[in-house]
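**Student:** Got a predicted structure here, sequence first:
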Amino acid sequence: MKNILITGGAGFIGSHLSLFLVKQGFEVTVLDNLSKQVHGDFPEMTSPLFKSIKDKVRFIYGDVTNYNDLVNAIKDQDAIVHFAAETGTAQSMYEIKKYTDVNIGGTALIADILINNRHRIQKIIVASSRAIYGEGKYYCLRDGIVYPGSREEENLAKGDFACKCPICGGSVKLMATSEDSRLLPASIYGITKQCQEQIVLTAAKSMGISAIALRYQNVYGPGQSLMNPYTGILSIFSTQIKNNRNINVFEDGLESRDFVYIDDVIQATLLSLFHNDVEQTALNVGADVPVDVITIAETLIKNYNSNIKLNISGNYRIGDIRHNYADLSLISHKLGYKPQVKFEQGIKSFCNWVEKQNIVEDGLELTLEELKSKGLFK
């Protein structure tokens, strides 16, 4: 494989992957619509991500929902890495058509073009998400392994944020979520990511094309957008701190996520792209360690030497999950993937990068007002 198309290749993960592949001598084509939410009003000036790749790749300004843009981009390519997607969990709950059109519709259009047109695509990697699991895997002393559904709003309103056994209603203990776990997405975003991976894996198999879906956990690191108030808790908190605004932590601050550093994500993606013995499967990509939100906020405040205050608000968003972290046994066995960057090391590198960036406007309050108006933030 010599020519590689990366949809959404001007985004966080896509730009890092593009630069790595270019350095290795690959011909990289990037298809990206340079969303204002990620890249700002004038990407040539406001987007470090776009500026880092624009002179190094064949760049196509276009959209995955546009037939002609995709046909142009796919021509003469050997592989597709499909990153293009709308990515805000909370935003997806009230921009349902947009998320469905882009994430599901764009992916379906890629598959439709491949099955109805001549091409030389040999492999497809699609970015899936931990969001497809919803709450993921837990253990109940009475009922064993269980998969809680969305938490009841009645409990959330009373400050009871814990997941419950879906069978007996009792307490449950968090477990690492493996790929064979039940899929119970708690947001429209999660539903669209589940559809994306199923479309790619099913369609690719019917065409004899190798395909892998990578279920990324919470990806972070230098280069991620600091102006997108809808996704990326590290960026959102960092922007608040840099604007000297106190941080309001939702729920009780003990909700946790699996934060995986960008270098490890690129490692997993490359292993998937160039490993010829693994195909038509979904694999977790994470750090294998849950980190709670209070720890995140306190670590950022410390690294920035800030005096802002941390407030545990008790607020909650409809569509959020309580916990989730990845079981990496399968990707380790199949691809030899092992995360290299510890959280403390990764967050220090991220903070050092943020210190060198221009301070951007904190748009979180406007975002929360949108959610409140839709009854999605309490």
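**Tutor:** Yes, it's here.

**Student:** How about the contacts made by residue 252?
**Tutor:** By C-beta atoms under 8 Å, 6 or more residues apart in numbering, the contact list for residue 252 reads 159, 161, 312, 314. Backbone N, C-alpha and C define where each C-beta goes, glycine included.

**Student:** My guess is the last one contacts residue 253. True?
**Tutor:** In this case it means residue 314. No - the pair residue 314 / residue 253 is not scored as a contact, 9.5 Å apart, by C-beta atoms under 8 Å.

**Student:** Looking at the two, which has the bigger crowd around it?
**Tutor:** A count of neighbours by other C-beta atoms under 10 Å puts residue 253 above the other of residue 314 and residue 253, at 22 against 16.

**Student:** Excluding covalently adjacent residues, which one is nearest to that one?
**Tutor:** Spatial nearest neighbour of residue 253, excluding adjacent residues (C-beta to C-beta, 6 or more residues apart in numbering): residue 294 at 3.8 Å.

**Student:** I'd like to know which elements the helix or strand hosting that neighbour is packed against.
**Tutor:** Using DSSP states H and E, residue 294 sits within helix 293-303. Helix 293-303 sits against helix 233-242, strand 247-249, strand 256-261, strand 310-312, helix 343-355, with contacts defined as 3 or more C-beta pairs under 8 Å, 6 or more residues apart in numbering; DSSP states H and E.

**Student:** Quick check: phi and psi on residue 73?
**Tutor:** Main-chain dihedrals, residue 73, degrees, to the nearest 10: phi -70, psi -40.

**Student:** what residues are up against it?
**Tutor:** So residue 73 contacts 5, 7, 29, 31, 60, 62 (C-beta under 8 Å, 6+ apart).

**Student:** Scan the residues you listed and report the most crowded one.
**Tutor:** Within these, most neighbours by other C-beta under 10 Å means residue 7, with 30 neighbours.

**Student:** per-residue confidence for that one?
**Tutor:** Listed pLDDT for residue 7 reads 98.

**Student:** cool, residue 62 as well?
**Tutor:** On the pLDDT scale, residue 62 gets 97.

**Student:** my guess is residue 157 meets residue 378, correct?
**Tutor:** Yes - between residue 157 and residue 378 there is a contact under C-beta under 8 Å: 6.6 Å.

**Student:** So which of these two has more stuff around it?
**Tutor:** A side-by-side neighbour count of residue 157 and residue 378, using other C-beta under 10 Å, places residue 378 first with 14 against 11.

**Student:** can you pull the contacts of the residue lying closest to the more buried one once chain neighbours are set aside?
**Tutor:** With C-beta to C-beta, 6+ apart as the criterion, residue 378 has its nearest non-adjacent residue at 5.7 Å, and that residue is residue 316. Going by C-beta under 8 Å, 6+ apart, residue 316 touches 156, 161, 250-251, 377-378.

**Student:** For the residues you listed, give me JSON lines that also has distance to residue 19.
**Tutor:** Listed next are the contacts of residue 316 as JSON lines, based on distance: C-beta to C-beta, whole Å:
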{"residue": "156", "distance to residue 19": "42"}
{"residue": "161", "distance to residue 19": "40"}
{"residue": "250", "distance to residue 19": "34"}
{"residue": "251", "distance to residue 19": "37"}
{"residue": "377", "distance to residue 19": "37"}
{"residue": "378", "distance to residue 19": "42"}
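
**Student:** now for the residues you listed, which pair is the farthest apart?
**Tutor:** Between any two of the contacts of residue 316, the greatest separation by C-beta to C-beta is 14.7 Å, found for 161 and 377.

**Student:** in the chain, which helix or strand is least confident?
**Tutor:** The weakest-scoring helix or strand in the chain, judged by mean pLDDT, DSSP states H and E, is helix 43-46 (a mean of 84).
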